[in-house]
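Colleague: Fold the following for me, if possible:
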Amino acid sequence: MDKSKVVSAFAQATSQNIANLVASLEDTRKRTQDAPGSNTTHSDTSKFQLGNLALSIEVQVQKARETLAYISSIPVHCEQIVQVGSVFELMDTKTEGIKIFFLVGIGGGETFSVDGIMIITTTFSSPLGRVCIGKKNDQEVSCNGRTYIIKNVE
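Modeller: Numbers count the residues shown, from 1 in each chain. The predicted structure follows:
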């Protein structure tokens with residue numbers, strides 16, 4: 001798989017995520033302004049709760065922007081060992097199902113498609129990332145009670 005396509009698709013998915021979050025933030029801010037406050041309706045906490053939701057969305061926007069800035073620094077070299085920037089397959093030894101992962105420093109847990117193939121990001125600090133980093137093709141790893149075989153490290 002062309003890793004530059006993977007990096008580009010990750011950047012595009014992150015940009016779309018930012019756009020969606022910003023739209024949600026704008027809508028939440030508007031609803032916050034329109035909501036009755038506790039001085040209007042003594043027991044109504046809508047304004048307060050929507051304000052907290054807006055703050056939470058702002059944090060998500062900031063993290064997504066940090067991820068987008070980080071993406072340009074992801075190495076695209078091809079090594080046969082799992083490291084930050086690696087794209088690799090994990091085959092579940094029980095089901096023989098295969099999932100493709102992209103190991104990143106930040107921005108784990110995202111999914112996106114490259115040429116119709118689903119890619120899942122995982123960070124090197126996640127449980128899965130920690131057991132895979134430094135491994136090579138055909139090595140076995142265990143995580144969360146499951147055993148996997150690493151395939152096609154790029």
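Colleague: Please tell me how far the most centrally placed residue in the chain sits from residue 144.
Modeller: The chain has residue 110 as the residue nearest its centroid, 2.8 Å off, counting by C-alpha atoms, centre = their mean. In this view, residue 110 and residue 144 are 19 Å apart by C-beta to C-beta, to the nearest Å. For every residue, glycine as well, the C-beta is placed using N, CA and C.
Colleague: Quick check: the residue nearest to the centre of the chain touching residue 16?
Modeller: No: contact criterion C-beta atoms under 8 Å: residue 110 and residue 16 do not qualify, at 10.5 Å.
Colleague: Quick check: closest non-adjacent residue to the residue nearest to the centre of the chain.
Modeller: Among residues not flanking residue 110 along the chain, residue 121 sits closest, at 4.6 Å (C-beta to C-beta, 6 or more residues apart in numbering).
Colleague: Wasn't residue 125 part of a helix?
Modeller: No: per DSSP: H, G, I helix; E, B strand; the rest coil, residue 125 lies outside any helix segment and is coil.
Colleague: neighbours of it, just the number please.
Modeller: With neighbours defined by other C-beta atoms under 10 Å, the count for residue 125 comes to 11.
Colleague: could you list every residue that touches it?
Modeller: Residues near residue 125 by C-beta atoms under 8 Å, 6 or more residues apart in numbering: none.
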